[in-house]
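Peer 1: Predicted model, plus sequence, below.
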Amino acid sequence: MLRIHFTRDDVARTRVAPGADPVWELILSLQLFQGRRADRDPLLAGWRREVAAGLRHGDDGASVRLLFALNPPQGYFPDFLTPFESRAGLLPGLDAIRSTPAANLRRDLTLLAAGNRLPASAGDLARGDVATLHRLTASMEDYRALALAPYWSRIESAVEADRSQRARAMLADGADGLLTSLRPAMRWDGQVLEVRHYPADRDLYLDGRGLLLVPAFFCARTPVSLVDPNLPPVLVYPVERLGGLDQPAEPGRPALAALLGRTRARVLEVVAGGCSTGEIARRLEVSAAAASQHAAVLRNAGLLVSRRDGNTMVHTLTPLGRAMLD
């Protein structure tokens, strides 16, 4: 079990990442791709087949061989691969990886080598070889173009739906409500956040730094934290994968508008992240009554579901609605 200890300042400084983190999603997807869970999970099986086919038709996977070796399907993976800067986007994250001090590279790769067989290029990486670092980040960009970019809108939608849920909990009950909303995988008692089924027994003291919560599409069932307690504290946790990744999303939705009408097609787009009737009305610049009527039509067609959260009606897409949107 992981126990994260909060002071009052830590509770006040806890926040949710502004969106899907491209580097965390990249790294976690590599682990799922290599593991057996993606084969068993119908929401990921199609994605895995597409990625495997793309790698076979590439340079035999040579460009990502080191990257795969650094990310085994289970157990430890190096902290330097998921820098705090990635919350601002892919390019800041890759810049931070290229700027990793040699001492940190050596420490992380020594830990990884204790339980994994690494290629010879890992030795160059551990010495801080600049060319190897650049090849590594280039391979990350290549892999992302193949495995994440075609599906990114769906990944973002699933993460945004979770962020909307956390935002409502925060608005209703403050930071305590936000941390409580993470159950059942985690338990908050007002001072300690317990992460159940964590692979190690560990205590993390935030010491006034706060905690960044990162909702992630490719996170498996167990939340993930960095090993080095001196790094900015981060906790990555899984989100509901909604309709999954059965096939790449096609750009643009003119056919959807032709089928449903432009306004109801826009309602589906807005609801993709999870939202209230009032939010639909505000974003589409229609009355609350019109927003409610459009939502009711889509709900009766099986494209969205609605649930009451206090005095607010919250809408999310069904798998059919997401398939139609994508």
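Peer 2: Perfect, thanks for sending it.
Peer 1: what's the domain layout of this protein?
Peer 2: Domain segmentation of the chain under automatic domain parsing yields 2-17+153-238, 22-151, 254-325.
Peer 1: Which among those domains is found nearest to Gly244?
Peer 2: For Gly244, the closest of the domains of the chain is domain 22-151, at 2.9 Å, according to CB to CB. C-beta: built from backbone N, CA, C; applies to glycine.
Peer 1: Quick one: end-to-end distance for that closest one.
Peer 2: Taking CA to CA, to the nearest Å, domain 22-151 runs 12 Å from one end to the other.
Peer 1: and what of stretch 242-255?
Peer 2: 22 Å.
Peer 1: could we number from 683 for the rest of this?
Peer 2: Understood, numbering begins at 683; the last thing we discussed is stretch 924-937.
Peer 1: In CSV, list the domains of the chain along with mean neighbour count, mean pLDDT and distance to Leu927.
Peer 2: Output for the domains of the chain, formatted as CSV (neighbours: other CB atoms under 10 Å; pLDDT from 0 to 100; distance: least, CB to CB, whole Å):
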stretch, mean neighbour count, mean pLDDT, distance to Leu927
domain 684-699+835-920, 17, 92, 6
domain 704-833, 17, 88, 4
domain 936-1007, 17, 86, 11
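Peer 1: And the helices in the stretch 833-982 of the chain?
Peer 2: Taking DSSP state H, counting those that start in this stretch, the helices of the stretch 833-982 of the chain run over residues 834-862, 936-942, 944-953, 959-966, 970-982.
Peer 1: Report the distance from the fourth one to the chain centre.
Peer 2: With CA atoms, centre = their mean, to the nearest Å as the basis, helix 959-966 stands 26 Å off its chain's centre.
Peer 1: Tell me who's in contact with Asp991.
Peer 2: Arg850 (CB atoms under 8 Å, 6 or more residues apart in numbering).
Peer 1: Check Ala857 too.
Peer 2: Counting by CB under 8 Å, 6+ apart, Ala857 has contacts 693-694, 696.
Peer 1: Thr998 belongs to a strand?
Peer 2: Yes. Judged by DSSP: H, G, I helix; E, B strand; the rest coil, Thr998 forms part of a strand.
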